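Peer 1: kindly generate the corresponding structure for this input.
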Amino acid sequence: MRLRHQLLIKAANIGSLESLVSNKVCTKRMAESIARSGLDLQCLKITYESMGQEGLRTTFLTRVPNCKKFLDRNLPKLVSYFDECA
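Peer 2: I've put the predicted structure just below:
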């Protein structure tokens, strides 16, 4: 049951994260992890706009499994992505 729920959440969120993959902000695999965690691009954007880079870091660390390496390498790219899209 839990797996089915995660798959439904992933399916609902993955489409919004495709721009992160196409802009090389994250890999498809990381986008899938983000989507499974219940986050979509709009959630991430709102988090960045209201709490900045540290808000994104905290959100990832509390919601997305195995994301520390991603954050160390790609958090600046994610921040730049949101700054350019604003």
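Peer 1: could you find the closest non-adjacent residue to residue 44?
Peer 2: Beyond its immediate neighbours in the sequence, the residue positioned closest to residue 44 (CB to CB, 6 or more residues apart in numbering) is residue 56, lying 6.7 Å away. Quick note: C-beta positions are derived from backbone N, CA and C, even for glycine.
Peer 1: quick one, what contacts the one you found?
Peer 2: Residue 56 makes contact with 44, 47, 48, 75, 78, 79 under the criterion CB atoms under 8 Å, 6 or more residues apart in numbering.
Peer 1: what about it, helix or strand, and which?
Peer 2: Assigned by DSSP states H and E, residue 56 falls within helix 41-63.
Peer 1: still on that earlier bit, give me the buried subset of the contacts of residue 56.
Peer 2: Buried members of these, counted by 16 or more other CB atoms under 10 Å: 44, 47, 48, 75, 78.
Peer 1: can you pick out the most distant pair from those?
Peer 2: Distance extremes for these: the farthest pair is 47 and 75 at 12.2 Å, using CB to CB.
Peer 1: what's the local residue count around residue 67?
Peer 2: Look at residue 67: counted by other CB atoms under 10 Å, it has 21 neighbours.
Peer 1: could you do the one 4 residues further on as well?
Peer 2: Using other CB under 10 Å, the number of residues around residue 71 comes to 16.
Peer 1: which elements pack onto the host helix or strand of it?
Peer 2: Secondary structure assigned from DSSP H and E places residue 71 in helix 68-85. Applying 3 or more CB pairs under 8 Å, 6 or more residues apart in numbering; DSSP states H and E, we find helix 68-85 packed against helix 41-63.
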